[in-house]
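Undergrad: Okay, predicted coordinates and the sequence, questions at the end:
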Amino acid sequence: MRQNEFIVNVNQANFNDVVIEGSKERPVLVDFWAPWCGPCRMVMPVLEKLAAEMAGQFVLAKVNIDEEQALAMQYGVRSVPTFKLFSNGEVVGELMGAQPEAAFKQLLEPHLSRPSDALRQQAWAAFSAAQVEQAIGLLKEAAAQDPNNTRIHLDLVNMLLKSGQIDAAAEIYNALPQAVRESERGKPLGLILKFARTAQSAGPREEVERKLAEDPNNVELKVALAAHKLLAQDYEGALQTFIEALTPDVNVMDGKVKELLLQVFDMLVAEEPELVKKYRRRLQMLMF
């Protein structure tokens, strides 16, 4: 791309090519603005400067909502300026109102391609081939090269959890900044870590199932079994077990079990929308 191609005026005709398809190669930050909007005019030079300085790491796509009302309606723009970040064809972040340069950098950073990403890809390829130690070693090498790339640290947490190294995963996760732990990727990993701890404390799945057969009304054992099923990616089995735990009393354990289930819904909704919809209905039936 030449420098002037980093900043594009977007309309209905080219939105799909520039934003949806373009974001599969690099992040695209869409600026919904209007000529009469003072804050829009204030922030525009900040964004154009950032796009030029970052030289193609992302594309700035500008949408004049007075001329492109259909696009504004399609993406739920109610005020300007509104900024939506697209990656891999989907909205992955949003800001509203005039923002400082640092806020845009923070929004973009998790989605920018970095040299260490090649090592991340190699690591996951090794992990898929059951070369766990090699995979973890590659991620540690990537972290040493690029310690500020939080995606590497989250990859490590994920990989350690998948390989049953819960204490090591917890140590890395707990050392991450709060903003990273509460990010779109970090929050689900924190929940999985919580369930891994629950499963670990309860003992092997076979033991939990044996105890539950002897004490079928034990809610804590049902939660532990649901945790084991989640870790095994048996999502429907886990949700069914949660519903069974809540059936006698939806507010059992002071509502903590219901709260856990709601968190699981949030974690799974993007990956398993129909499954979440099904079990949300079942939870609602218990509540009313």
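TA: Thanks, I have the structure now.
Undergrad: alpha carbons only for contacts and neighbour counts from here, please
TA: Will do.
Undergrad: Could you list every helix and strand that the helix or strand where residue 275 lies packs against?
TA: Using DSSP states H and E, residue 275 sits within helix 273-287. Applying 3 or more CA pairs under 8 Å, 6 or more residues apart in numbering; DSSP states H and E, we find helix 273-287 packed against helix 235-246, helix 256-268.
Undergrad: so the last one versus helix 273-287, what angle?
TA: Here helix 256-268 runs at 160 degrees with respect to helix 273-287, directions being taken by axes from the mean of the first three to the mean of the last three CA atoms, to 10 degrees.
Undergrad: swap in the shortest one?
TA: Between the axis of helix 235-246 and that of helix 273-287 there is an angle of 10 degrees, by the same axes, to 10 degrees.
Undergrad: Now do helix 235-246, average pLDDT.
TA: The average pLDDT within helix 235-246 is 97.
Undergrad: What residues of it count as buried?
TA: Residues 235-239, 241-246 are the ones in helix 235-246 that count as buried (16 or more other CA atoms under 10 Å).
Undergrad: and of the helices and strands packed on helix 273-287, who's closest to residue 26?
TA: Closest to residue 26 of the helices and strands packed on helix 273-287 is helix 256-268 (CA to CA; 25.3 Å).
Undergrad: And residue 110, how far from residue 152?
TA: Residue 110 sits 10 Å away from residue 152, going by CA to CA, to the nearest Å.
Undergrad: tell me the domain ranges of this structure?
TA: Here the domain parsing of the chain from automatic domain parsing is 3-111, 117-183, 198-287.
Undergrad: For the ones you listed, give me JSON lines that also has distance to residue 189.
TA: Formatted as JSON lines, the domains of the chain follow (distance: least, CA to CA, whole Å):
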{"stretch": "domain 3-111", "distance to residue 189": "16"}
{"stretch": "domain 117-183", "distance to residue 189": "7"}
{"stretch": "domain 198-287", "distance to residue 189": "9"}
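Undergrad: Would you mind listing where this protein has pLDDT under the threshold?
TA: 1-4 (pLDDT under 70).
Undergrad: Check whether residue 29 really touches residue 82, as I assumed.
TA: No. Look at residue 29 against residue 82 with CA atoms under 8 Å: they stay out of range, at 10.3 Å.
Undergrad: ok, and what's touching the helix holding residue 275?
TA: Defining contact as CA atoms under 8 Å, 6 or more residues apart in numbering, one finds that helix 273-287 is touched by 236, 239-240, 243, 246-247, 250, 265, 268-269.
Undergrad: Now flag whichever of these is closest to residue 119.
TA: residue 268 (27.5 Å).
Undergrad: do you know how far the closest one is from residue 138?
TA: Distance from residue 268 to residue 138, counting by CA to CA: 28 Å.
Undergrad: Next: residue 9.
TA: For residue 9, the distance to residue 138 - CA to CA - is 41 Å.
Undergrad: Report the buried residues of the helix holding residue 275.
TA: Buried residues in helix 273-287, counting neighbours by 16+ other CA under 10 Å, are found at 276, 279-280, 283.
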